[in-house]
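# sequence and computational prediction follow.
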Amino acid sequence: MKRSSWFNSTVAWLVYAFLYAPIAVVVVFSFNAARSGIEWRGATLDWYRRLFANEQVQSALKVSLIVAVTSTALAAGLGTTLALALEKHMRRGREVVNGLLAVPVFVPDIVLAVALLLFFGLMREWFRVFELGLVTIIAGHVTFQIPFVAMVVRARLAGMDPALDEAARDLGATPRQVFRHVTLPLLMPGIVAGAMLAFTLSLDDFVVSFFSGGPGSTTLPVYIYSSVKRGVTPEIHALSTLLMAVSVVATVVAMMLQRRDVR
Amino acid sequence: MNAAARRRDKGWWLGVPGIGWLGMFLVLPLLAVFAVSFLTRGEYGGYGLPLTIENYRRLAGWGELGFDPLYPVILGRSLALGFGTAVLCFLLAVPLTFFIAGLGERRRLVALTLVMIPFWTNLLVRTYAWQLLLGPSSWLSEAAAAAGFISAGEGLYPSWSAVAIGMVADFLPFFALPLFASVEKLDWTLAEAAADLGANRWQVFRHAVWPQIRPGAVTGFVLVFLPATGQFVIPDLLGGAKTALLGNAIQQQFGQSRDWPFGAAMACVGLVIMGAGLFIQRRINRLKEAGL
Amino acid sequence: MRKSGWLSLFLAAMAVVQAGAAQQLRLFIWSEYIDPAIVKQFEAQFDCKVTIDLYEEAESMLAKVQGGGVSLYDVVVPPDHLVKAMVALNLLAPLRHENVPNLKNLDARFANPPYDRGNKFTAAYQWGTVGVFYRAEPGVKVAESWSLLFDATKQMKPFGLIDSQRDLLGAALKFKGHSLNSTDPMQLREARDLVLEAKKRSTSFDGSVAAKNKVVAKGLKAGIVYSGEAARGMTDDKATRYFIPKEGSQIWQDNLAVLAKAPNRDLAEKFINFMLDARVGAQLSKFTQFATPNAEARKLLGPEELSNPAIYPPASVMEKLEFLEDLGAKSRLYDEVWIQIKTR
């Protein structure tokens, strides 16, 4: 059984084609002059132009960005501190917290979404908080972002040389100074990588946003879903292409940051 | 050593904000789901006391119009879909990861990134794109009609096959990445030794290769099987909103049907499946670490 | 520290943006159901911003309001058969008639409806019918009957079924010769089995707008669509047609209502009053191509609308139309049947 047998290569190439076919279709048809159907009728930038004039799209874009930025900031903070606590400090309780972190990753997103919906409903009844809207969407996003940030930061921490910490401490630095001047700068690429992944997750999330959204807090994916349900239009192709471009850039940057050596 | 250990444990408060957040927005909501699943639906929707196990009885099949194995069937269907997706992903991921492992260092990174990228693009977008690719007038559909798989004028979408295609396309990276983690570390000398001793290709795979990649495969399997069982977007968009699976059924209860306690009960079932899956995965990996 | 500093700055900015915004009206309405020009006129006249959220079927609207709370929106547009339920659930705020003088513009047939005597909570918005929208083929005669969907020998493939509980079950009940408000379990079982059988032959479940779009785009040959959507579809594509099946069908009336804890109740009532104005009503119906319940607005409509049988059916057809009624506790039967239809 050889590694690079022709069988493996063929399957691999087919798989790549399979994975990229939908993406290619959307990108290509965002430039198609035909209003519907899949016949090619010449290239045009019309749909992109109409996209930028569409008020609902602009509103959805604003909401998506606000949610993504806010949730990413929160998740970055919470995830990093959690990762630090887990890697460097907690001996006991580590298993439990690991299990807790696994839940948002493995649980079907619809279960998480309805759980949040029920929770917000109960909170509204008892404490009059958590009206559905931006706050609830952000809260939901942070919840599934934290495990990803924590995972990336922990990987980074694990790869860091403890000798550097010890050396700094031997030279007389307080723990706080060690953190600020040694640990944090070295950790930064990991934190940023985790943040970029969290950002992408938030931008692309549909299920949680769908259930936790309220008036005027329609995100881009929710808008795309409603439009698709009513009948796909080429403007949606254009919007999707742009959305995918952003995700791709963010992912590639994140991967590059992760690969940088801890020197 | 003691001083260092104490110094290490002192920083545990760092984890408090993160754990606190998860406690409030993860644990409490899941508890809420569990609790609501024992409540009764109000006359026009909504929910309240009395406590009841009626919702679970309905899930087991005893509904208002007599016994009907409807929900056990939906659950079975969802599990089958999750399982089938995971198996198909496995069959495709093995050659894929082997191929990537056989590439040079730099190409390997490119190949992996290329697998990752679709994973990070929007699921909705990729799914509705399959609507186009599999619709009645697409090449794929026309080819399938010519080959006799479907009748002329029909499309590959909407249908179960479309759902399967969409699911595999979405979940393949979930499988490939953990699997690759194991494949990367494969010790080929074992395989070569087995081949030298006269084993055929299947035996080489089964005895020399598979035990080594099993942890990655199991992780990948669980990573695909669990979320796939609860998917609703892909069956909704590619199944023409006709096929009902666990994910759709839950969404239906919280949408049109407005039966929250019942939906909560379904969600609990989803949670149980997830818990079982995670538990099994942990056990298998721990056995592997113990050298079995 | 850097991170928290940026965060607080950001949140403060958001708060400022929210506070500085002019008055807001939150409208929850069916998709493609209001003229954007009308919205702009309202915003200009009353110096406010209108946020619109959309839904595709009535029960989803109710679910969202029930789930999200009664201060989620200001104005919602419930159909006739859901008003009683919403009132019973305390979801609606009473209309203060002194703020809505234009109520007098409503046609006597649509003002003071049986489900809301005295217009305590609602004001009629538009009315219409449910029927079949299809693509005509030259030389092919089409029987104007529900059998286009429900009879395997007369079906028009590919077709879609409407993704709406009462609408679809109503069609099945009518085809079988029953009332679409039937609560007889036998009749409902008949309807259920009919739909399940049709489901196998159908392509998909779609909302009215989606079905209309698909027929125009040639993805479907036939679908169940509301009259206004059909009228607009026929304007888009001259080869399409709409009919009300001879076995009978549904006539419905949509209403404007204010949510119980609407954040901006005064503005909501001003909005309703605005929509009941004669000229606005006429403009609305010209856009949506649904029928107007507003007598004064009707005077401003031209023969193109008034003589269009899709929008204003003749008396002979009107006889065969039935309003949906709220069924109280018996709606559970419909819920159960619908779940079975969707999940088998």
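Alright, I've got the coordinates.

# the residue of chain C found nearest chain B: how many residues sit nearby?
The nearest approach of chain C to chain B comes at C:S204, 3.1 Å away (C-beta to the nearest C-beta). (Glycine included, C-beta is placed from N, CA and C.) By other C-beta atoms under 10 Å in any protein chain shown, 23 other residues sit near C:S204.

# once you drop chain neighbours, what's closest to it?
In this structure, C:S204 finds its nearest non-sequential neighbour in B:G240, 3.1 Å apart by C-beta to C-beta, 6 or more residues apart in numbering or on different chains.

# point out where the stretch 51-200 of chain B drops to low pLDDT.
The model of the stretch 51-200 of chain B has pLDDT under 70 over residues B:63-67, B:151-154.

# check which element follows the helix or strand that contains A:Y223 along the chain.
Counting by DSSP states H and E, the element that carries A:Y223 is helix A:220-230. Per DSSP H and E, the first helix or strand lying C-terminal to helix A:220-230 is helix A:234-259.

# okay, buried residues for that following helix please.
For helix A:234-259, burial by neighbour count (16 or more other C-beta atoms under 10 Å in any protein chain shown) applies to A:234-244, A:246-248, A:250-251, A:254-255, A:257-258.

# before we move on, what about stretch C:307-317?
By neighbour count on 16+ other C-beta under 10 Å, the buried set for stretch C:307-317 is C:N308, C:A310, C:I311, C:Y312, C:P313, C:V317.

# what's the answer for stretch B:48-56, then?
Within stretch B:48-56, the residues that count as buried by 16+ other C-beta under 10 Å are B:E54, B:N55, B:Y56.

# what distance separates the start and the end of it?
16 Å (C-alpha to C-alpha, to the nearest Å).

# contact partners of it?
B:S37, B:F38, B:L39, B:T40, B:G42, B:P261, B:F262, B:A264, B:A265 (C-beta atoms under 8 Å, 6 or more residues apart in numbering or on different chains).

# can you check stretch C:113-123 too?
For stretch C:113-123, the surrounding residues in contact (C-beta under 8 Å, 6+ apart) are C:78, C:80-81, C:83-84, C:86-87, C:92-95, C:97, C:100, C:103, C:106, C:111-112, C:124, C:253, C:255-258, C:272, C:275-276, C:325-326.

# hmm, 6 Å instead?
In this structure, residues lying in contact with stretch C:113-123 by C-beta atoms under 6 Å, 6 or more residues apart in numbering or on different chains are C:D80, C:V83, C:K84, C:V87, C:L92, C:P94, C:L103, C:N255, C:L256, C:A257, C:I272.

# for the residue in the stretch 101-250 of chain A that chain C sits nearest to, list the residues it contacts.
Using C-beta to the nearest C-beta, A:G231 is the residue of the stretch 101-250 of chain A that sits closest to chain C, at 3.3 Å. With contact taken as C-beta under 6 Å, 6+ apart, A:G231 is in contact with C:A210, C:N213.

# quick check: it vs C:D266, distance?
Distance, A:G231 to C:D266, using C-beta to C-beta, to the nearest Å: 37 Å.

# got it, and C:N112?
C:N112 is 24 Å from C:D266, by C-beta to C-beta.

# circling back: how far does the helix holding A:Y223 sit from the chain's center?
Centre-to-centre, helix A:220-230 and its host chain are 19 Å apart (C-alpha atoms, centre = their mean, to the nearest Å).

# can it be found next to chain B?
Yes - applying C-beta under 6 Å from any C-beta of the partner chain, one finds helix A:220-230 in contact with chain B at A:P221, A:I224, A:Y225, A:V228.

# which of the residues in that helix are buried?
Result for helix A:220-230 [16+ other C-beta under 10 Å]: buried residues A:L220, A:P221, A:V222, A:Y223, A:I224, A:Y225, A:S226, A:S227, A:V228, A:K229, A:R230.

# mind listing what the closest residue to B:G263 other than its chain neighbours touches?
Counting by C-beta to C-beta, 6+ apart, B:G263 lies nearest to B:Q253, which is 2.9 Å off, once chain neighbours are set aside. Shown in contact with B:Q253 (C-beta under 6 Å, 6+ apart): B:D259, B:F262, B:G263.

# which bits of the stretch 151-292 of chain B sit near chain A?
With C-beta under 6 Å from any C-beta as the criterion, the stretch 151-292 of chain B meets chain A at residues B:201, B:204-205, B:226-227, B:230, B:232, B:247, B:250, B:254, B:267, B:270, B:274, B:278.

# quick one: which of those is most hemmed in?
That'd be B:A267 among those, by other C-beta under 10 Å, with 31 neighbours.

# any idea which helix or strand carries the spatially closest residue to that one that is not a sequence neighbour?
Among residues not flanking B:A267 along the chain, A:V111 sits closest, at 4.6 Å (C-beta to C-beta, 6+ apart). Assigned by DSSP H and E, A:V111 belongs to helix A:109-127.

# using PDB, list the CA coordinates for stretch C:73-92.
C-alpha atoms of stretch C:73-92 as PDB (Å, rounded to 0.1, in the frame of the first residue of the first chain):
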ATOM      1  CA  TYR C  73     -42.000  44.800  17.400                       C
ATOM      2  CA  ASP C  74     -44.400  47.700  17.100                       C
ATOM      3  CA  VAL C  75     -46.700  46.600  14.300                       C
ATOM      4  CA  VAL C  76     -47.400  43.100  13.100                       C
ATOM      5  CA  VAL C  77     -49.700  41.900  10.300                       C
ATOM      6  CA  PRO C  78     -51.600  38.800  11.500                       C
ATOM      7  CA  PRO C  79     -54.100  37.000   9.300                       C
ATOM      8  CA  ASP C  80     -57.700  36.600  10.200                       C
ATOM      9  CA  HIS C  81     -57.500  33.200  11.800                       C
ATOM     10  CA  LEU C  82     -54.700  34.100  14.200                       C
ATOM     11  CA  VAL C  83     -56.200  37.200  15.700                       C
ATOM     12  CA  LYS C  84     -58.300  35.500  18.300                       C
ATOM     13  CA  ALA C  85     -55.300  33.400  19.400                       C
ATOM     14  CA  MET C  86     -53.100  36.400  19.700                       C
ATOM     15  CA  VAL C  87     -55.700  38.300  21.700                       C
ATOM     16  CA  ALA C  88     -56.200  35.200  24.000                       C
ATOM     17  CA  LEU C  89     -52.400  35.100  24.500                       C
ATOM     18  CA  ASN C  90     -52.400  38.800  25.400                       C
ATOM     19  CA  LEU C  91     -50.100  39.600  22.500                       C
ATOM     20  CA  LEU C  92     -51.900  42.600  21.100                       C
END
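
# the nearest residue to C:D35 once chain neighbours are set aside: neighbour count?
Of all residues not flanking C:D35 in the chain, C:F287 sits nearest, at 3.8 Å (C-beta to C-beta, 6+ apart). By the criterion of other C-beta under 10 Å, C:F287 has 17 neighbours.
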